[in-house]
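In: task: produce atomic coordinates for the following.
(one chain, ligands or ions: 1)
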Amino acid sequence: MSPPAQNIYDNDAFFAAYGKLRRSVEGLGGAPEWPALSAMLPTMEGLNVVDLGCGFGWFCRFAREAGAAQVLGLDISEKMLARAREASDASIAYRRTDLEELELPAAAFDLVYSSLALHYIVNLGDVFTTVHRALVPGGRFVFSVEHPLYTAPSRPGWHPDDSGRKRWLVDRYLEEGARATNWLAEGVIKQHRTVATYLNLLLGLGFRLRRVEEWGPSDAQIEAHPEWALERDRPPFLLVSAER
Ligand SMILES: C[S@@+](CC[C@H](N)C(=O)[O-])C[C@H]1O[C@@H](n2cnc3c(N)ncnc32)[C@H](O)[C@@H]1O
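Out: Numbers count the residues shown, from 1 in each chain. Prediction:
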């Protein structure tokens, strides 16, 4: 049996800091990767959708507004779910669920979506297996995770070289497993795995890959936010669209 999930989003200090991020305040429009991720989505009209690690429920509300028939949002954090429920459309169902023990009915969903939650999961193979079974044939699995170049290092962060230029130093890339980071709070545990592992888990289950993006800011985004230029040296997010 796996140890219980960390559930760092229910930690008061972490939750307070997370709530101040631009994506938490502004929602999908405040997430710079949203244009690329949303371009991977099918037309939402009439779809049955589940969001794994739904957080404040921004995507669940977007899906309903875009015409999804039913939306289920799952998250382990009571605090995140409380905020999602406050803002919610009564037709969205939110359920407290540890994705490490995910169970979903077979062939029940047209779209399984997940944004920046699956890099917390130890039993990712089990989650992907459950997702595959829960999708109707032709159904889509669209997700983002922190990019493996971002999750790999022992000391994630920008380190100046001799010329003062900031470098992202990658080590332990092929050594998969837990990484303790100090992102918003000390000792936040994320699970590092390689790009090949993410994709081979999907291919091994019979998913067809539709699109993979190693997201970095566009020229227009850098013009608006010059401080993001560094993100092109090390993509922060991996975006994947797969079809059952
Ligand atoms: C970075 S937030 C992303 C929230 C939302 N998907 C978004 O993009 O705005 C990660 C979410 O994953 C959830 N999460 C982390 N580990 C989880 C687990 N084991 N089971 C369910 N949810 C989990 C957290 O509680 C948090 O709400």
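In: point me to the helix or strand that includes the residue of the chain found nearest the ligand.
Out: Ranking the residues of the chain by distance to the ligand (CB to the nearest ligand atom) places residue 55 first, at 2.5 Å. For every residue, glycine as well, the C-beta is placed using N, CA and C. Here residue 55 sits in a region with no helix or strand, counting by DSSP states H and E.
In: please name the nearest non-neighbouring residue to it.
Out: Spatial nearest neighbour of residue 55, excluding adjacent residues (CB to CB, 6 or more residues apart in numbering): residue 80 at 4.9 Å.
In: contacts only, for that neighbour.
Out: 9, 15, 54-56 (CB atoms under 8 Å, 6 or more residues apart in numbering).
In: which of those ranks first by neighbour count?
Out: Counting neighbours by other CB atoms under 10 Å, residue 54 leads the contacts of residue 80 with 28 neighbours.
In: touching, it and residue 74? I think so.
Out: Yes. Under the criterion of CB atoms under 8 Å, residue 54 makes contact with residue 74 at 6.2 Å.
In: so what sits against both of the two?
Out: residue 94.
In: got the residues of the chain near the ligand?
Out: Residues of the chain lying close to the ligand (CB under 6 Å from any ligand atom) are 5, 9, 23, 53-55, 58, 75-77, 80, 97-100, 115-117, 120-121.
In: quick one, which of those residues are buried?
Out: Buried subset of those (neighbour count, 16 or more other CB atoms under 10 Å): 5, 9, 23, 53-55, 58, 75-77, 80, 97, 99-100, 115-117, 120-121.
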